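Visitor: Predicted model and sequence follow; I will ask about them next.
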Amino acid sequence: MNSIQLHQKANELVQVIGSRDIRNITRSLGMQVSEMPFDSILGFFTFQWEFHQVVINDKLDKATKQMVCGYALSRYADAYLFASKGTFCKMNYISHTHLSDYKANAFSSHLMLDSDEVYHLTTLGYDAAQIAHQTKRHLNLILFKLLEMDQMGFDMSHYYRIHRQFLKGHQHLAHLGFQNI
């Protein structure tokens, strides 16, 4: 699925459920969401028989919990709602590496973030960290959303300099830079 298709599917789901709250969306689709302590993982999800569950590490901050839930929901959507792969995950642990999975996080960024709101914040000169703070979302989720907006045809030329400057201070996120700059 390309960026526009991911955006459309996510917004259709938001319209049907009437919320951008990732836990509400997840629960509305019949999945249980719970928290428990883990030492080395962010959480896990299981989709087996009629039992669909997301378990999130209760030690995480709120923004990371949202991102973990969004990642699990996007994997569920891919397997059950869109059936694009024809394969179904029975259980999967979620680690830090999963938070860089482009397609899954692009989809969840569209679920949790309104494109017009994010675009407006870019026109005000906010960098990715400031947008994350303003929207109370994980920084990586904002970075995926910005890249998706650029790929969907939003005119982000006003934002390229701000983004380049932001990434200079966050070299570990350089892979989330715009291709046009």
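Guide: Everything's here; your move.
Visitor: mean confidence for stretch 63-73?
Guide: The average of the pLDDT scores along stretch 63-73 is 94.
Visitor: same deal with stretch 97-115?
Guide: Stretch 97-115 shows an average pLDDT of 91 in the prediction.
Visitor: for the chain, where's the lowest mean pLDDT among helices and strands?
Guide: Ranked by mean pLDDT, DSSP states H and E, the helix or strand of the chain with the weakest confidence is strand 91-94, at a mean of 76.
Visitor: Summarise which helices and strands the helix or strand just after it is packed against.
Guide: The first helix or strand that comes after strand 91-94 along the chain, using DSSP states H and E, is helix 102-112. Helix 102-112 sits against helix 3-17, helix 22-28, helix 62-76, helix 139-151, with contacts defined as 3 or more Cβ pairs under 8 Å, 6 or more residues apart in numbering; DSSP states H and E. Using the backbone N, CA and C atoms, a C-beta is placed for each residue, glycine as well.
Visitor: can you list contacts of the third one?
Guide: Residues from elsewhere that reach helix 62-76, judged by Cβ atoms under 8 Å, 6 or more residues apart in numbering: 22-23, 25-26, 29, 31, 33, 35, 42-43, 45, 47, 52, 54, 56-57, 60, 89, 92, 94, 98-99, 101, 103-105, 107-109, 111-112, 132, 136-141.
Visitor: Quick one, which of those are buried?
Guide: Buried members of the contacts of helix 62-76, scored by 16 or more other Cβ atoms under 10 Å, are 22-23, 25-26, 29, 31, 33, 35, 42-43, 45, 47, 52, 54, 56-57, 60, 89, 94, 98-99, 101, 104-105, 107-109, 111-112, 132, 137-141.
Visitor: how about the least confident helix or strand of the chain as PDB, C-alpha atoms only?
Guide: Extracted C-alpha coordinates of strand 91-94, given in PDB (Å, rounded to 0.1, in the frame of the first residue of the first chain):
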ATOM      1  CA  MET A  91       2.000 -13.900  18.500                       C
ATOM      2  CA  ASN A  92       4.700 -11.400  18.200                       C
ATOM      3  CA  TYR A  93       6.900  -9.600  20.700                       C
ATOM      4  CA  ILE A  94       7.400  -5.900  20.200                       C
END
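Visitor: Let me know whether residue 94 touches residue 38 as I believe.
Guide: No: distance between residue 94 and residue 38: 9.7 Å, which falls outside the contact criterion (Cβ atoms under 8 Å).
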